[in-house]
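> Sequence first, predicted coordinates after that:
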Amino acid sequence: MSDTHLADKGQTAPPPLDGLSGGVSLRLFATLFLFWVLLNASLSFATILSGLVVAGVISAAFGRHLSFLSGFNLAPAGIFAAFQFIGYFLKELVKANLSLAALVMKPSLPISPAIVKVRTTLTDPVARLLLANAITLTPGTLTCEIKGEFLYIHWVVTKSTDLDEATQEIVAGFERYLEVMYG
Amino acid sequence: MILSGFLDTLGAFVFVTGAAFLALGGLGLVRMPDVYNRIQAGTKATTLGTLLVLVGTALIEPSWAIKLLLIMLFLMFTNPLSSQVLARAAHRAGVRPKGDADYLSRDMEDLT
Amino acid sequence: MADLFLILAGVLTVLTFAMAGYRFFKGPTAADRIVGFDALTIVSVTGIILAALISGRAIYLDVALVYALLSFLGVLVAARYIEGGEE
């Protein structure tokens, strides 16, 4: 896969790739086709043929914009980091729900909300999407806006409104893995 | 449908745990004081709750596992995403959050 | 035992439905109603899965998937609408 040219890609500019020749739409094609086959749960001729045609048309038409998985680092280190990321994420998700459950069952409802600003060093759009989603599902935080390198996070029980401290508290745990996955 | 085996009982237990998280999220939805806190309560509890419901179903009916896994993946991507879009929309529509610090409003001049 | 768990799950699902419905009807802002709507649709997915389990028909899983997809799109459209929608 020719991914070196994607490294310096900003969040807005689409990669200069055309149609099926680039690695981007090949990965999109593989993702769509896999999803289609799993959804049908069969390997009959009709399923495979219609899947090939539809996935081919979609990845040829939208390969430049729907860049799902495009910047993913397929080396063993990237895949290993992805598993670590999923494990850490599931742990945080359970923690988030337990703390939320404890919060809503207390009659006094002890919350101290604020919208804080944090910084991310990630540049790949999918990595940023995963970071924002992961933050939303972890204890007491919700991504409200993403602008350049800054994320604006709504925090139910605010620990710190300082940029660096909040970044350390909210972002650092996930960024560690995402940097390897989309490095 | 006859539910008797160990896997069935385990699956039903996981299922009811998920439903309990959903109910706690619903309680948060009723009790929380402003829209941002309600989104927080809603999105976390519904995501984990639905995931557990799907895992429980997969334990009861193992032949459905692949399709349930697809629903899980789909929900894990879209559920937080819709919450984020909603929070952003609420802020842009001028709903002020409770609490003293709001860095987003402070930086609003730079944002379109 | 397992049947009892599933009945309890059904009761909890209906309870959640009622609480999300309260937020949907009460508001007070449009965003609050959409939060309630979002929760209602996700809880409906659980309801559909429960129906699939009880009836033993796998076709309901496709219904649940499409329902989740449509509710996601619905929330996006509603959110864009209250945002102002100039873009």
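Happy to help now that I have it. Numbering: from 1, shown residues only, chains lettered A, B, ... in the order given.

> Quick check: residues of chain A near chain C?
Residues of chain A lying close to chain C by Cβ under 8 Å from any Cβ of the partner chain are residue A:39. Just so you know, the C-beta spots here come from the backbone N, C-alpha and C atoms, and that holds for glycine as well.

> now the strands for chain A?
A:114-119, A:141-147, A:150-155 (DSSP state E).

> Do you know the pLDDT at residue A:25?
Here, the pLDDT recorded for residue A:25 equals 72.

> so what's residue A:153 bridging to?
residue A:116, residue A:143 (DSSP bridges).

> That one reaches residue A:113, doesn't it?
No - when contacts are counted by Cβ atoms under 8 Å, residue A:153 is not listed as touching residue A:113 (10.8 Å).

> Looking at the strands of chain A, which one is packed in the most?
Greatest average neighbour count among those goes to strand A:150-155 (a mean of 25), per mean count of other Cβ atoms under 10 Å in any protein chain shown.

> Point to the residue nearest the middle of chain C.
Most central in chain C under Cα atoms, centre = their mean is residue C:41, positioned 1.8 Å from the mean C-alpha point.

> swap in chain A?
residue A:130 (1.6 Å).

> quick one: contacts for the residue nearest to residue A:48 when sequence neighbours are not counted?
Take residue A:48 and drop its neighbours on the chain: the residue closest to it by Cβ to Cβ, 6 or more residues apart in numbering or on different chains is residue A:37, 7.4 Å away. Neighbouring residues of residue A:37 by Cβ atoms under 8 Å, 6 or more residues apart in numbering or on different chains: A:43, A:47-48, A:51.

> Of those, which qualify as buried by neighbour count?
residue A:51 (16 or more other Cβ atoms under 10 Å in any protein chain shown).

> Could you tell me which of the contacts of residue A:37 are located in helices?
Of the contacts of residue A:37, the ones assigned to helices by DSSP state H are A:47-48, A:51.

> how about the residues you listed in CSV, adding pLDDT?
Listed next are these as CSV, based on pLDDT from 0 to 100:
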residue, pLDDT
A:47, 85
A:48, 87
A:51, 88
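
> Show me which residues of chain A sit near chain B.
A:35, A:38-39, A:41, A:93-94, A:96-97, A:100-101, A:103-105, A:109, A:111-117, A:129, A:132-133, A:136-137, A:140-145, A:147, A:150, A:152, A:154, A:156, A:158, A:161.

> at 7 Å what do you get?
Residues of chain A lying close to chain B (Cβ under 7 Å from any Cβ of the partner chain) are A:38-39, A:41, A:93-94, A:96-97, A:100-101, A:104, A:109, A:111-117, A:132-133, A:136-137, A:140, A:142-145, A:147, A:152, A:154, A:156, A:161.

> circling back: please tell me the pLDDT value assigned to the residue nearest to residue A:48.
At residue A:37, pLDDT is 87.

> how close does it sit to chain C?
15 Å (Cβ to the nearest Cβ, to the nearest Å).

> Quick check: which ranges of chain A have low pLDDT?
A:1-24, A:63-70 (pLDDT under 70).

> ok and the residue in it nearest chain C?
Using Cβ to the nearest Cβ, residue A:39 is the residue of chain A that sits closest to chain C, at 8.0 Å.

> Next, the contact list for that residue, please.
By Cβ atoms under 7 Å, 6 or more residues apart in numbering or on different chains, residue A:39 lies in contact with residue B:70.

> what's the neighbour count on residue 50?
No chain specified, so I'll use chain A. Around residue A:50 sit 13 other residues, with neighbours defined as other Cβ atoms under 10 Å in any protein chain shown.

> Please refer instead to chain C.
Neighbours of residue C:50 (other Cβ under 10 Å): 19.

> Now do the lengthiest helix in chain A: which elements does it pack against?
Longest helix of chain A, by residue count under DSSP H: helix A:76-105. Applying 3 or more Cβ pairs under 7 Å, 6 or more residues apart in numbering or on different chains; DSSP states H and E, we find helix A:76-105 packed against helix A:172-181, helix B:6-31, helix B:35-60.

> Would you mind listing the buried residues in whichever helix or strand comes after the last one?
By that I understand helix B:35-60. Toward the C-terminus, helix B:35-60 is succeeded by helix B:65-92 as the next helix or strand (DSSP states H and E). Buried residues in helix B:65-92, defined by neighbour count with 16+ other Cβ under 10 Å: B:67-68, B:70-72, B:74-76, B:78-92.

> Now do helix B:65-92: which elements does it pack against?
Counting contacts by 3+ Cβ pairs under 7 Å, 6+ apart, helix B:65-92 is packed against helix A:23-40, helix A:125-136, strand A:141-147, helix B:35-60, helix C:30-55, helix C:59-83.

> which of those sits most buried?
The most buried one of the helices and strands packed on helix B:65-92 (mean count of other Cβ under 10 Å) is helix B:35-60, showing a mean of 26.

> Can you name the residues that contact residue C:67?
Applying Cβ under 7 Å, 6+ apart, the residues contacting residue C:67 are C:41, C:44-45, C:48.

> now, which of those lie close to chain B?
residue C:45.

> okay, the contacts of residue C:67 in JSON lines with distance to residue A:57 and pLDDT next?
Formatted as JSON lines, those follow (distance: Cβ to Cβ, whole Å; pLDDT from 0 to 100):
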{"residue": "C:41", "distance to residue A:57": "30", "pLDDT": "90"}
{"residue": "C:44", "distance to residue A:57": "32", "pLDDT": "91"}
{"residue": "C:45", "distance to residue A:57": "29", "pLDDT": "91"}
{"residue": "C:48", "distance to residue A:57": "30", "pLDDT": "92"}
